[in-house]
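>>> Return a 3D structure for these sequence lines:
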Amino acid sequence: MKTANFLNIIKKSNLILISLFFLLFIFSIVCAKDEKDTASEFNPFYGWVNSAMCRADGYGNWYEQFDDFEYVESGNRIGIVTYTGKKKDIVIPEKIKGLPVVAIGYYIFSHYGVTSVIIPDSVQITDTSEFPSTQVGNAKDAFSIMIYKNEITIIAYNHNKKNVVIPEKIKGLPVVAIGRAVFSDREFASVVIPDSVKKIGTLAFGKNKITNLILPNSLEKIGDWAFYGNQLTDLVIPNSVKTIGVRAFSYNKLTNVVLPNSVETIDHRAFAGNELEKIIIPNSVRTIGENVFDENVKIIRKCD
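Numbers count the residues shown, from 1 in each chain. Okay, the predicted model is just below:
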């Protein structure tokens, strides 16, 4: 009987050990995958930096310091986690310790009130319009900017004017994107967006008092909540836009919307909470979310 009990204990111990080895094996695969992924396969503002932190000691001591930056190293590449300096004009290094800087942490500069950030080409960014806004206050320059691949993304508006004109160029470089929440909740009455802008970020102009809007013919993406909670009555989407994000124009006063044959995706509740009676959906639309329009809106699907 004692021998049988002893054998049972050994079997149970073996099962526990096997289970532990299996979990360690799975964990090692996950971390190895994080190190092998190329720069284009993760969120450049957050994803890789976050996953690399699974190898930190839990007390922040795993970070290393380089000038005004704290960073992590993984798989022969660098991710900058924190900015510790006080400069208003920041240049992200292309390399640290001879290794390429390929990622920067999300919201890394949002509380530092920067006026400009220059990001090297080594950081693979697919959508600069999702760069979080940073506020300076009554700075000399009306706009804080991010420079990436010789193009400008606006990351803050520092003045208090209620009628905003966004320039087509700043410092001789084209303005191609508006960052997250840059102009949100500022009681703007009007905004002029130049023909250079390709992408408008999440909540970029949300919760204002804009009544008229002319979108540029260069525009490709309208982000989530981009014009949420304004006072728009009439809207023509230019024949360049491919994506209209979640609640992009919800809770305005729209009675008329013209959608072009370039739009491929209209996300959830993009036009909900308006005064539309009917809408024509072009045949270019391949993906349409839930409750894009109110229930009483007559939807006409264009077939030609």
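>>> how about the helices in the chain?
For the chain, the helices defined by DSSP state H occupy 2-36, 47-52.
>>> pLDDT on the first one, on average?
Looking back up the chat, that one is helix 2-36. Per-region confidence: helix 2-36 scores 44 on mean pLDDT.
>>> Same question for stretch 67-83.
Stretch 67-83 carries an average pLDDT of 85.
>>> gap between the two ends of it?
This stretch, stretch 67-83, spans 9 Å end to end (Cα to Cα, to the nearest Å).
>>> thought Tyr83 was touching Ile90?
Yes. Counting by Cβ atoms under 8 Å, Ile90 is a contact partner of Tyr83 at 6.8 Å. (Each C-beta comes from the backbone N, C-alpha and C, glycine too.)
>>> between those two, what contacts are shared?
By Cβ atoms under 8 Å, 6 or more residues apart in numbering, Tyr83 and Ile90 have these common neighbours: Asp68, Phe109.
>>> so where is the chain shaky, pLDDT-wise?
For the chain, the stretches flagged by pLDDT under 70 are 1-62, 107, 110-112, 135-139, 303-304.
>>> Domain boundaries for it, per the record?
1-36, 39-116, 127-304 (automatic domain parsing).
>>> Now render these as CSV, adding mean neighbour count.
Compiled in CSV, the domains of the chain are given as follows (neighbours: other Cβ atoms under 10 Å):
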stretch, mean neighbour count
domain 1-36, 10
domain 39-116, 17
domain 127-304, 18
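>>> What separation do you get for Asn212 and Lys221?
Per Cβ to Cβ, to the nearest Å, Asn212 is found 21 Å from Lys221.
>>> Need the nearest residue in space to Ser284, chain neighbours excluded.
Once flanking residues are discounted, Ser284 sits nearest to Asn261: 4.7 Å by Cβ to Cβ, 6 or more residues apart in numbering.
>>> where's the one you found relative to Leu215, distance?
Asn261 is 16 Å from Leu215, by Cβ to Cβ.
>>> quick one: Thr82 and Tyr63 touch, right?
Yes. Using Cβ under 8 Å, Thr82 is in contact with Tyr63, at 7.2 Å.
>>> Nearest the geometric middle of this protein, what residue?
Centroid-nearest residue in the chain, with Cα atoms, centre = their mean: Glu130, separated by 2.5 Å.
>>> quick one, what contacts that one?
If a contact means Cβ under 8 Å, 6+ apart, then Glu130 has Phe45, Gly179, Arg180, Gly201, Thr202, Gly223 as its contacts.
>>> can you check Asp121 too?
Glu94, Tyr148, Lys149.
>>> Which of those fall within strands?
Tyr148 (DSSP state E).
>>> will you turn the contacts of Asp121 into TSV that also has distance to Lys302?
What follows is the contacts of Asp121, written out as TSV (distance: Cβ to Cβ, whole Å):
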residue	distance to Lys302
Glu94	48
Tyr148	37
Lys149	37
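>>> returning to what we had before: from what I can see the residue nearest to Ser284 touches Ile280, true?
No. Contact criterion Cβ under 8 Å: Asn261 and Ile280 do not qualify, at 10.5 Å.
>>> Glu295 and Gly245, how far apart?
Taking Cβ to Cβ as the measure, Glu295 falls 21 Å from Gly245.
>>> again but with Ile222, I slipped
Between Ile222 and Gly245 the computed distance is 6 Å (Cβ to Cβ).
>>> now Gly229
Note on Gly229: its distance to Gly245, by Cβ to Cβ, is 14 Å.
>>> One more: Glu277?
As judged by Cβ to Cβ, Glu277 and Gly245 stand 24 Å apart.
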